[in-house]
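K.L.:
pasting the sequence and the predicted model now:
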Amino acid sequence: MASISNLANLTPATSTNSRSSSSSSVLVPRSFVNLRSLNAKLSSSSHLSLRHHQTSRPSLFVRCSASGGNGSAAKRTTLHDLYEKEGQSPWYDNLCRPVTDLLPFIARGVRGVTSNPAIFQKAISTSNAYNDQFRTLVESGKDIESAYWELVVKDIQDACKLFEPIYDQTEAEDGYVSVEVSPRLADDTNGTVEAAKYLHKVVDRRNVYIKIPATAPCIPSIRDVIASGISVNVTLIFSIARYEAVIDAYLDGLEASGLDDLSRVTSVASFFVSRVDTLMDKMLEKIGTPEALDLRGKAAVAQAALAYKLYQKKFSGPRWEALVKKGAKKQRLLWASTSVKNPAYSDTLYVAPLIGPDTVSTMPDQALEAFIDHGTVKRTIDANVSEAEGIYSALEKLGIDWNKVGEQLEEEGVDSFKKSFESLLGTLQEKAKTLKLASH
């Protein structure tokens, strides 16, 4: 089991939420704030295709402006219709300072926020909004990684406050803000559990989701964290097989919790979409046959449709009904990686065909703007299941192993987050040196 130690570097914030308040002595996983690694190197007519060339259009939203938002009047958008008519919650896949820049998004129908190490790497390294707090932390003797988590925790807490009304209105079904455990822990079962518990304690907000990757070592972590009553966003899911393991971990965790009321322990399963096509298209182009080339841009949405079919199956029947009697909520499917990487494809390719009840679509600026501008709101996720099954099978017949594709994408995803994390720590290290020099 990963060692833990008393550390005063990162202190829990004061909160009015007495239900999750704890003593002032906080155990911090060493794996959560460990600086040793800083010495290491930092360094097609198909309905399921929906492709056309993108056109440029003016941005509808501010992006981490220096002021407190754009002050524009709230207008009803397709995001409101998405939730009210089809039961899908639109979330925003971005977070940076000032968090008040989220207010126009909420007004336009956004119901939650997701973040990851890459998002924070971009936010903190390209903005001056973090300088004052970082300077104070460095001058008070905080080490670099502890300072990083202080910056992150403040953003998460402030964003949670903005989304609390939605959380309350929906009785804990929506209004969440997600924060991910250190990507260094992707292969550490116990370290992930400790980090998740610590993050939940230090953020101390009812509507925080602790993100845990769906790596094989972290599947048991998901079960244990859910069992301890902490809500989880399971991230980096790339295959049907791994998704089923994630569902089972959620159900196992609920059953092991011992809670009589499960209504406040919730979860989403973040199923990644566009990255699947990015890899699959390269494989299909290498095969090069007309049949293979015709399947480009279709794999990701097809697999997502089959994931939704599995979701419907797993959250029904006697086992699930027994949990519902205790107030359990379904672990909603969340479509992640919804930005289009190939400009030849429709800019709503990973949003429009994946609309269905009890799901979440988390969108970065590009996808969000596109869907508000010209998206169509209608149930599509299970409209072409037989077609999706045909595409899935056709790819298998071409010799493509879906599980191996999932494993490769998972490894690439974890590596990408690790690199963003290490890069940001390196940037902060240099910034700390500059601040120290400037103070002398």
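P.N.:
That came through fine. Numbers count the residues shown, from 1 in each chain.
K.L.:
all contacts plus neighbour counts: C-alpha atoms, from now on.
P.N.:
Fine.
K.L.:
and Ser140, how far is that from Thr427?
P.N.:
Going from Ser140 to Thr427 by Cα to Cα, to the nearest Å gives 19 Å.
K.L.:
the more surrounded of these two?
P.N.:
Thr427 (17 against 10; other Cα atoms under 10 Å).
K.L.:
which residues does the strand or helix carrying Lys313 contact?
P.N.:
Lys313 belongs to helix 299-314 when assigned by DSSP states H and E. Contacts of helix 299-314 from elsewhere in the structure, counted by Cα atoms under 8 Å, 6 or more residues apart in numbering, are 48-49, 239-240, 243-244, 247, 271, 273-277, 280, 320, 333, 350, 353-354, 381-382, 385, 387-389, 391-392, 395.
K.L.:
next, the angle helix 299-314 makes with the helix with the most length in the chain.
P.N.:
Under DSSP state H, the helix in the chain containing the largest number of residues is helix 402-438. With axes from the mean of the first three to the mean of the last three Cα atoms, to 10 degrees defining the directions, helix 402-438 sits at 100 degrees from helix 299-314.
K.L.:
low-scoring stretches of the stretch 101-250 of the chain, by residue?
P.N.:
Low-confidence segments of the stretch 101-250 of the chain (pLDDT under 70): none present.
K.L.:
can you show me the strands along it?
P.N.:
With strands called from DSSP state E, counting those that start in this stretch, the stretch 101-250 of the chain shows them at 177-180, 208-213, 232-237.
K.L.:
got it, and the stretch 251-400 of the chain?
P.N.:
According to DSSP E, counting those that start in this stretch, the strands that the stretch 251-400 of the chain contains are 267-272, 332-336, 359-363.
K.L.:
of those, which is nearest Ser416?
P.N.:
Comparing those by their distance to Ser416 (Cα to Cα), the top pick is strand 267-272, with 14.2 Å.
K.L.:
that closest one pairs with which strands, parallel or anti?
P.N.:
strand 232-237 (parallel), strand 332-336 (parallel) (DSSP bridges).
K.L.:
can I get the shortest one in PDB, CA atoms only?
P.N.:
Output in PDB follows, covering the C-alpha atoms of strand 332-336 (Å, rounded to 0.1, in the frame of the first residue of the first chain):
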ATOM      1  CA  ARG A 332     -24.500   7.900 -16.800                       C
ATOM      2  CA  LEU A 333     -22.500   7.500 -20.000                       C
ATOM      3  CA  LEU A 334     -20.500  10.700 -20.700                       C
ATOM      4  CA  TRP A 335     -19.300  11.300 -24.200                       C
ATOM      5  CA  ALA A 336     -15.800  12.700 -24.000                       C
END
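K.L.:
what residues sit buried inside that strand?
P.N.:
Across strand 332-336, burial judged by 16 or more other Cα atoms under 10 Å covers Arg332, Leu333, Leu334, Trp335, Ala336.
K.L.:
got it, and stretch 253-273?
P.N.:
Buried, per 16+ other Cα under 10 Å, within stretch 253-273: 253-255, 257, 262-273.
K.L.:
can you name the two of those that are farthest apart?
P.N.:
Greatest spatial distance among those (Cα to Cα): Ser257 and Val273, at 31.4 Å.
K.L.:
hmm, back to that, closest to Arg135 out of the strands of the stretch 101-250 of the chain?
P.N.:
For Arg135, the closest of the strands of the stretch 101-250 of the chain is strand 177-180, at 22.9 Å, according to Cα to Cα.
K.L.:
what packs against the closest one?
P.N.:
helix 144-169, strand 208-213 (3 or more Cα pairs under 8 Å, 6 or more residues apart in numbering; DSSP states H and E).
K.L.:
distance from the first one to the middle of the chain?
P.N.:
Averaged C-alpha coordinates place helix 144-169 at 14 Å from its chain's average position (Cα atoms, centre = their mean, to the nearest Å).
K.L.:
my read is that Arg223 contacts Ala245, right?
P.N.:
No - Arg223 lies out of contact with Ala245 (Cα atoms under 8 Å); the separation is 10.2 Å.
K.L.:
which pLDDT value goes with Lys433?
P.N.:
As summarised for this prediction, Lys433 has a pLDDT of 87.
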